[in-house]
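> sequence? don't have it. structure:
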């Protein structure tokens, strides 16, 4: 399974409105350290689509060197997300996911994946460079960081981010 | 001690967790319930609820706390007063030389937590705050961590959600947090970062032995207008660091009866250099599907719309959820754990000092949420 397969299933479920309005995402994944921040940027864009709100602030802890990073994402209309990456061994697809809506929840973890799977491959599209820079700035400062310049809406991103 | 038995005094009665704690003590052959008591000036509703639980347990109600704790046949006091009254009661009981069994979280304010810790230490009594540490899955996590199966611990990610209440009524939008919090518990709502979050906070501190050094917190109102009406959060996220920069994330709150097949999510992801472990309170389990009528939420109890208390849920005939029967070892009750420690003349692993560390993190979390900034610990006194 690829991450894109899993993301598509989440998007289909959210589109059904069974969860009501999505308000929170917990997304933990394992991957090799190479391009870890780009992968976090990709995932944060995907989560922005699910939450359907502009991202306003990022608080980041960790580093690629330490093999661990987590992000707290705050969205304009109050939604939040916790994204975390570990460069350590994982079971199955290596993705641990919870999406909460105001009327229900989606869960996915290794027990719901193919147990023989290797860690899921990332989506094919390139990560937004400005989003990568934003995450890197949050990692350097250790403080919650807003966007310095408004990001252009991307085709599938959570467009319209900005201060 | 009263021979081989522990005399238990209950502080505060029905519509608190005392309903459960009293039952656990009563079921333990080492215990004898002595009486139920409270502060003399409680309001009429609280007094009636106290008398109701005392009557159901066939024990006397002593309306003056000081008279009750003066009794020589009382060894342990189980304290379930509302958060704002807990500290002063705990201090008085410790000063009377009684061991303390404490509802969670310890108390709302840092100064109060310090007072409890000082009183307990001065009196030389034992203390324990209700926690998950006696649960088999928590013990398993401790064994796995202590056994170094993970290699070096890289991160901990914890989620604790209570699947109770009828969701979907909160008006969605950004929450503005207040500091200090003006109330932790009202009839319809509790501060859920405190109420639910104290579990993973306590557990992670117990598992790692490390201290929390910073916290960034965002509180939210996602589910319930009852919480929003009283300006208390129903959900929150915490991004923390512990000693040696160990990162910890916690998401916690109350999210509705039908968002989970059992009582709610309660899990830890322990990320190590060699292995990642998911410790889940709902595993191991069976999954059972039948042609029975599907589970539906109970009617709303006007005195307890969020389903906080056992007695109110019995009154609205709440059916047990049966899709995921537990398949693990039978858990020890938290009360039994504390009695084991008392019998061995050992303090609890979650004594007042440990509970106070959780209070400090929670206070820091609310300060962080109000300032929208990272707060470093320990907090200034």
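Noted; the coordinates are in hand. Computed from a prediction, not measured in an experiment: that's the story for all the values here.
> For residue A:70, give the beta-bridge partners.
In this entry, residue A:70 is beta-bridged to residue A:61, residue A:84, by DSSP bridges.
> Can you name the residues that contact it?
Neighbouring residues of residue A:70 by CB atoms under 8 Å, 6 or more residues apart in numbering or on different chains: A:60-62, A:82-85, B:155, B:157, B:239, B:247, B:249. Glycine gets a C-beta too; all of them are placed from N, C-alpha and C.
> again with residue B:338
B:76, B:101, B:126, B:128, B:348.
> quick one, phi/psi of residue B:217?
phi -130, psi 140 (degrees, to the nearest 10).
> Could you list the low-pLDDT ranges of chain A?
A:122-125, A:149-163 (pLDDT under 70).
> that older thread, which two among the contacts of residue A:70 are spaced furthest apart?
A:60 and B:157 (14.8 Å; CB to CB).
> ok, these two, which is more surrounded?
Taking other CB atoms under 10 Å in any protein chain shown, residue A:60 and residue B:157 do not tie; residue A:60 has more neighbours (27 against 24).
> ok, for the more buried one, nearest residue in space, not its chain neighbours?
Computed as CB to CB, 6 or more residues apart in numbering or on different chains, the closest residue to residue A:60 that is not its neighbour in sequence is residue A:138, at 3.8 Å.
> Count the neighbours of that neighbour for me.
22.
> now residue A:34
There are 9 residues near residue A:34, going by other CB under 10 Å.
> returning to what we had before: out of the contacts of residue B:338, which are buried?
B:76, B:101, B:126, B:128, B:348 (16 or more other CB atoms under 10 Å in any protein chain shown).
> What segments of chain A are strands?
Shown for chain A, the strands assigned by DSSP state E span residues A:22-30, A:55-63, A:68-75, A:80-86, A:95-101, A:104-108, A:145-146.
> mind giving me CSV with those strands and columns for distance to residue B:178?
As requested, the strands of chain A are exported to CSV (distance: least, CB to CB, whole Å):
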stretch, distance to residue B:178
strand A:22-30, 21
strand A:55-63, 20
strand A:68-75, 18
strand A:80-86, 18
strand A:95-101, 24
strand A:104-108, 28
strand A:145-146, 22
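> The residue nearest to residue B:36 when sequence neighbours are not counted: how many residues sit nearby?
Setting aside the residues directly before and after it, residue B:36 is nearest to residue B:54 in space (CB to CB, 6+ apart), at 3.9 Å. Using other CB under 10 Å, residue B:54 has 22 neighbouring residues.
> tell me the phi and psi of residue B:54?
phi -60, psi -40.
> do the longest helix along chain A and chain B meet?
If you go by DSSP state H, chain A has its longest helix at helix A:36-51. No: using CB under 8 Å from any CB of the partner chain, helix A:36-51 stays clear of chain B, with a minimum separation of 11.0 Å.
> List the contacts of that helix.
A:3, A:7, A:10-11, A:14, A:22-23, A:25, A:27, A:29, A:31, A:54-55, A:58, A:64, A:69, A:71, A:73, A:75, A:79, A:81, A:83, A:85, A:87, A:99, A:122-123, A:125-128, A:131-132, A:135-136, A:139, A:154, A:156-158.
> Which PyMOL command selects the buried ones in these?
Buried residues among the contacts of helix A:36-51 (16+ other CB under 10 Å), as a PyMOL selection:
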select buried, chain A and resi 3+7+10+14+22+23+25+27+29+31+54+55+58+64+69+71+73+75+79+81+83+85+87+99+122+123+127+128+131+132+135+139+154+157+158
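> re earlier: who are the contact partners of the residue nearest to residue A:60?
A:58-60, A:71, A:144-145.
> same thing but 6 Å
Going by CB atoms under 6 Å, 6 or more residues apart in numbering or on different chains, residue A:138 touches A:58, A:60, A:145.
> Return the member of the residues you listed nearest to chain B.
Minimum distance to chain B across these is 8.7 Å, recorded for residue A:60 (CB to the nearest CB).
> so that closest one touches residue A:72, yeah?
No: judged on CB atoms under 6 Å, residue A:60 makes no contact with residue A:72 at a distance of 7.8 Å.
> Can you tell me how far the residue lying farthest from the centre of chain A is from chain B?
Distance from the centre of chain A peaks at residue A:116, with 23.8 Å (CA atoms, centre = their mean). According to CB to the nearest CB, to the nearest Å, residue A:116 stands 17 Å off from chain B.
> Distance check, that residue against residue B:372.
44 Å (CB to CB, to the nearest Å).
> repeat for residue B:38
39 Å.
> More neighbours: those two, which one.
Neighbours per residue, other CB under 10 Å: of residue B:38 and residue B:372, the larger number sits with residue B:38, 27 against 16.
> That one touches residue B:50, doesn't it?
Yes: using CB under 6 Å, residue B:38 makes contact with residue B:50 at a distance of 5.2 Å.
> Which one of the residues in the stretch 1-150 of chain B is closest to chain A?
residue B:150 (8.7 Å).
> For that residue, give me its contacts.
Per CB under 6 Å, 6+ apart, neighbours of residue B:150: B:270, B:272, B:274-275.
> who in chain B is up against chain A?
Contact residues (CB under 6 Å from any CB of the partner chain) of chain B with chain A: B:154-155, B:157, B:167-168, B:172-174, B:216, B:218, B:220, B:222-223, B:237, B:239, B:247, B:249, B:251, B:259, B:269, B:271, B:273, B:276.
> The longest helix of chain A vs strand A:68-75, what angle?
Interaxial angle of helix A:36-51 relative to strand A:68-75 (axes from the mean of the first three to the mean of the last three CA atoms, to 10 degrees): 30 degrees.
> Break down chain B into its helices, ranges please.
B:18-26, B:44-57, B:65-69, B:83-95, B:110-123, B:136-146, B:192-195, B:198-208, B:225-229, B:310-315, B:334-343, B:352-371.
> May I see those arranged in JSON lines, with mean pLDDT as well?
Formatted as JSON lines, those follow (pLDDT from 0 to 100):
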{"stretch": "helix B:18-26", "mean pLDDT": "98"}
{"stretch": "helix B:44-57", "mean pLDDT": "98"}
{"stretch": "helix B:65-69", "mean pLDDT": "98"}
{"stretch": "helix B:83-95", "mean pLDDT": "98"}
{"stretch": "helix B:110-123", "mean pLDDT": "98"}
{"stretch": "helix B:136-146", "mean pLDDT": "95"}
{"stretch": "helix B:192-195", "mean pLDDT": "98"}
{"stretch": "helix B:198-208", "mean pLDDT": "98"}
{"stretch": "helix B:225-229", "mean pLDDT": "98"}
{"stretch": "helix B:310-315", "mean pLDDT": "97"}
{"stretch": "helix B:334-343", "mean pLDDT": "98"}
{"stretch": "helix B:352-371", "mean pLDDT": "98"}
